[in-house]
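Engineer: Pasted the sequence and its predicted model underneath.
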There are 4 protein chains.
Amino acid sequence: MVKKIKQGPKVNINQPLIIAGPCSVENYDIMDKTVKFLKELGIEYIRGGAFKPRTSPYSFQGLGMEGIEILEDMKKKYGVKIVSEILDIRDLEEMIDSIDIIQVGSRNMYNYPLLKELGRIKKPILLKRGISATIDEWLNAAEYIALEGNTDIILCERGIRTFENYTRNTLDLNCVPVVKQRTNLAIIVDPSHGTGRRELVKPLSLAAIAAGADGLLIEVHPDPDNALSDGFQSLNFEEFKDTYNKVISTYHCVNTR
Amino acid sequence: MVKKIKQGPKVNINQPLIIAGPCSVENYDIMDKTVKFLKELGIEYIRGGAFKPRTSPYSFQGLGMEGIEILEDMKKKYGVKIVSEILDIRDLEEMIDSIDIIQVGSRNMYNYPLLKELGRIKKPILLKRGISATIDEWLNAAEYIALEGNTDIILCERGIRTFENYTRNTLDLNCVPVVKQRTNLAIIVDPSHGTGRRELVKPLSLAAIAAGADGLLIEVHPDPDNALSDGFQSLNFEEFKDTYNKVISTYHCVNTR
Amino acid sequence: MVKKIKQGPKVNINQPLIIAGPCSVENYDIMDKTVKFLKELGIEYIRGGAFKPRTSPYSFQGLGMEGIEILEDMKKKYGVKIVSEILDIRDLEEMIDSIDIIQVGSRNMYNYPLLKELGRIKKPILLKRGISATIDEWLNAAEYIALEGNTDIILCERGIRTFENYTRNTLDLNCVPVVKQRTNLAIIVDPSHGTGRRELVKPLSLAAIAAGADGLLIEVHPDPDNALSDGFQSLNFEEFKDTYNKVISTYHCVNTR
Amino acid sequence: MVKKIKQGPKVNINQPLIIAGPCSVENYDIMDKTVKFLKELGIEYIRGGAFKPRTSPYSFQGLGMEGIEILEDMKKKYGVKIVSEILDIRDLEEMIDSIDIIQVGSRNMYNYPLLKELGRIKKPILLKRGISATIDEWLNAAEYIALEGNTDIILCERGIRTFENYTRNTLDLNCVPVVKQRTNLAIIVDPSHGTGRRELVKPLSLAAIAAGADGLLIEVHPDPDNALSDGFQSLNFEEFKDTYNKVISTYHCVNTR
């Protein structure tokens, strides 16, 4: 069923892939402060949304190409790699050179024309699981990309929609070993969206790593309570540092025979 | 929250809007046979997918623009109106003149760039509910279209994803009166996808009409068992005729004083 | 799989089975006022909970045997039939003579010792669907009763738990024709719990009847806003009368060839 | 809302509580072989169902009191502690002396008369989460027990029902830190039911521990492929030993500051 992602080169990772940063790129200063902090901690991959898919058309929609430019500044200044989401297939050409890993968000997992287009480029794709996508549908979405030639795909579990409403979503860690068994792809976990609650990010980060995840995608903001989007699930610097250190030690503990 | 679709012109329908046809346009003959039958029965709106979003990239993906041409032939030959789905925002210009109602499928309900583009044209939009979209998210998706200027939107409930797996989806008829109370838009129901079982289409069609739906979207095929997609939920001609007649009488019964 | 409920005597109903009344028996006066009203309208079956399963132990738990006595008074005074829920298997002996149809609530659908006990008595059982029970599990629960000898079972769909939270539950009308096809049992629908919103009860009552339901279970209260439980989903007398009349006309419309 | 379980004595555990054994007590030999193996490994708590709640009345229903006797034999022979499920409130008196921790299964989480009765005894209660119970409902169920006097309650997450059907249930590890924050109770995790797939039990066991769980409930069988119930999710001895060792090392890694 999903031949290409089963037969592709096996992912080979010997340390967790940690991607961190604010939900959206809000302005230069916040981004600069955050990347400086993360870089000093040893984080190489920075996330930040320039194009934000929001439920309401009246909510903050991201800075667009202006946000991409800020991300590019960070790249030059700190030598980090940039992970950012593509919303509109027509933006690909303009943003592709600035971005190191192109993220397909949960809402676009079924956007097959976009997936096919991303299969024809030579950049890693971070493919988030649709909010109520079965594992089969998710793997088939990856296959849409792979079939066009690009097998450099990182899957990202970000919580699924269930009846439980104390948490924003229900993080499905069952899928982590399933993905490892059924594909050669890397899989990371986003505990920020997966729980929607700041205080749950650390324990679920550790759980994801223990389940066998290859890495994490975590929202960090210098002042979460005043973030323009998703502040309630973002860690501040101190919380992130504490989580990060524990993640690294858990990773080594679990992955040592 | 959803101002435009609340304040727009109230839908004014005095007979149910019935849209029928095969899941996908397979070839000229099947389409011709089906439209001939439907037209004689009095059906004015024909559905047929030229671009098919399929879970697996190895499944039949539709005839593409060739399918659109067949639909245009039907339009000329029988004077019917055509409802067909847009998958790729870049196809809009090429397909717009041939299509009378542009369908946004369940997988694209969160595709905001596409919704915004459709808000700038002057054609009715059939907006299906996302497979696990809350009513709020769905209405906000309609608002994305309306905010750009196009308030000619028909909502379509097509079943939501739940734990129940005897049926393909769970048709949510609760949403019908909710939509009527919260917006001025029309709402129709798709019992074919909503149940995923041919034998349930008739009773759920009647139920939808009794709940206050303005119409139905029903899959019909001359030979459902040999359809290239979704045959298990398509009615044959005789079943459709029987369903249609009962729908009309139920509509008049329920909507009389 | 479910032999007894498939082979049992086919239900034979030529008018809808309407069961109405307050969520819980609160006191004699409210019950008297409600039953008087319903009886005059032609309703023969009265619901009223004496033992109430409540999520919190601090909520009103029902009047217990005192409530059963009030129900018995209604029976004598108005000649109606009583439908009431059993919570504790040990209460069966004490309550059995007062109740005409014994209700198994959603929370007890998997309570197999209770089901087996009810299979050994000679009273009709109203078996509500568990809040997230599959149709298969529900039919098997009925089979637990039937296998002990009692096939006089009425199934009741009351909404299932999904991600949608605008409504209290999602009424699953797909299950109505499924139950009719797979068993000989009667099936009724509870739009009060199934929607959890007063203003949705009428349209969903009509939808249930149009889907083929044999009847309805509806909450009615003289003063819903001051009800001790579930007032937000109860109809007042006028609303009930309006709904009832429309239900009857829809039933005859749909069930006339 | 849930006062008693919030104010009760804080759980004080310095090693994980591991409960293991077959899904159901099948016969003396299998039980003897399993307990011998587990005891040698250092496991003190043995699970085994004598009364089995099964979806179909035609499936194996457990050995009943005969199974309880076998469990009592194990207790005497090996000095282990016994965890077993109560299905019928009327069995309590007969089984109470033989059982060290009384389990309330998923199907009985809403069985309030049973919970109240268990609140009046002096034995620890293992309260499994209902198959689609919200965290709030689950904590309130514990409060039903605690309010009667017994606060010696261990909560057990065992997977919730979602749309995903590759796994039997979706293990919800978000709930682990939530329970720790909102109550003083212990919480353990059942990855056997939570995944329904043998090959997922080890990674999810580690994940549960990393999320902060106080222990695990794991199904072990000498010959899983021939088990009378749930063999597909049971570990054989070798798999269990491997999992157990890794669980202990992960527990110490995560719980060492």
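Structural biologist: Yep, it's here.
Engineer: And the residue nearest to residue A:168 when sequence neighbours are not counted, how far from residue B:115?
Structural biologist: Leaving out its chain neighbours, the residue that sits closest to residue A:168 by CB to CB, 6 or more residues apart in numbering or on different chains is residue A:196, at 2.2 Å. Heads up, the C-betas are built off the backbone N, CA and C, glycines and all. From residue A:196 across to residue B:115, the span is 25 Å (CB to CB, to the nearest Å).
Engineer: give me phi/psi at residue A:166?
Structural biologist: Dihedral angles of residue A:166 (phi, psi; degrees, to the nearest 10) stand at phi -70, psi -40.
Engineer: For it, give me the pLDDT.
Structural biologist: As predicted, residue A:166 sits at a pLDDT of 97.
Engineer: now it: how far from chain C?
Structural biologist: The gap separating residue A:166 from chain C is 12 Å, by CB to the nearest CB, to the nearest Å.
Engineer: so what's the spatially closest residue to that residue that is not a sequence neighbour scoring on pLDDT?
Structural biologist: Among residues not flanking residue A:166 along the chain, residue D:135 sits closest, at 4.9 Å (CB to CB, 6+ apart). As predicted, residue D:135 sits at a pLDDT of 98.
Engineer: hang on, residue D:135 packs against residue D:175?
Structural biologist: Yes - under the criterion of CB atoms under 8 Å, residue D:135 makes contact with residue D:175 at 5.4 Å.
Engineer: overlap in contacts of the two?
Structural biologist: Common neighbours of residue D:135 and residue D:175, using CB atoms under 8 Å, 6 or more residues apart in numbering or on different chains, are residue A:164.
Engineer: So which of these two has more stuff around it?
Structural biologist: Remark: of residue D:135 and residue D:175, residue D:175 carries more neighbours, 27 against 21, as counted by other CB atoms under 10 Å in any protein chain shown.
Engineer: Please enumerate the helices of chain A.
Structural biologist: Taking DSSP state H as the criterion, chain A carries its helices at A:3-7, A:28-41, A:65-78, A:92-95, A:112-118, A:135-147, A:175-182, A:191-195, A:198-210, A:237-255.
Engineer: elements contacting the third one?
Structural biologist: Helix A:65-78 is packed against helix A:28-41, strand A:81-85, helix A:92-95, with contacts defined by 3 or more CB pairs under 8 Å, 6 or more residues apart in numbering or on different chains; DSSP states H and E.
Engineer: most tightly surrounded among those?
Structural biologist: For the helices and strands packed on helix A:65-78, ranked by mean neighbour count under the definition mean count of other CB atoms under 10 Å in any protein chain shown, the leader is strand A:81-85 at a mean of 22.
Engineer: Going by contacts, tell me the helices and strands next to it.
Structural biologist: In terms of contacts (3+ CB pairs under 8 Å, 6+ apart), strand A:81-85 is packed against strand A:45-47, helix A:65-78, strand A:101-104.
Engineer: can you give me the angle it makes with helix A:65-78?
Structural biologist: 160 degrees (axes from the mean of the first three to the mean of the last three CA atoms, to 10 degrees).
Engineer: Spit out the contact partners of the nearest residue to residue A:167 once chain neighbours are set aside.
Structural biologist: Closest residue in space to residue A:167, ignoring its immediate chain neighbours: residue D:174 at 4.7 Å, by CB to CB, 6+ apart. Each residue near residue D:174 by CB under 8 Å, 6+ apart is listed here: A:164, A:167, A:170-171, A:194-195, A:200, A:204.
Engineer: now swap in residue A:196 and tell me
Structural biologist: Going by CB under 8 Å, 6+ apart, residue A:196 touches A:159, A:167-169, A:232-233.
Engineer: Among these, which pair sits farthest apart?
Structural biologist: A:159 and A:232 (14.1 Å; CB to CB).
Engineer: Of these two, which one has the most company?
Structural biologist: For residue A:159 versus residue A:232, neighbours defined as other CB under 10 Å are more numerous around residue A:159 (25 against 14).
Engineer: Quick check, that one in contact with residue A:190.
Structural biologist: Yes - with contacts counted by CB under 8 Å, residue A:159 reaches residue A:190, the gap being 7.3 Å.
Engineer: Grab the nearest non-local neighbour of the one residue sitting closest to the centre of chain A.
Structural biologist: What sits nearest the mean C-alpha location of chain A, by CA atoms, centre = their mean, is residue A:217, with 4.6 Å. Using CB to CB, 6+ apart and skipping the chain neighbours, the partner closest in space to residue A:217 is residue A:190 (4.2 Å).
Engineer: what separates that neighbour from residue A:204, distance-wise?
Structural biologist: In terms of CB to CB, residue A:190 sits 10 Å off from residue A:204.
Engineer: follow-up on the earlier one: wait, doesn't the residue nearest to residue A:217 sit right on residue A:129?
Structural biologist: No - Residue A:190 is not in contact with residue A:129 according to CB under 8 Å; the separation is 9.3 Å.
Engineer: The residue lying closest to residue A:108 once chain neighbours are set aside and residue A:192, how far apart?
Structural biologist: The spatial neighbour of residue A:108 that comes closest, neighbours along the chain excluded (CB to CB, 6+ apart), is residue A:114 at 5.8 Å. Using CB to CB, residue A:114 is found at 23 Å from residue A:192.
Engineer: one step back: would you mind grabbing the residues shared as contacts by residue A:190 and residue A:129?
Structural biologist: In contact with both residue A:190 and residue A:129: A:156-158, using CB under 8 Å, 6+ apart.
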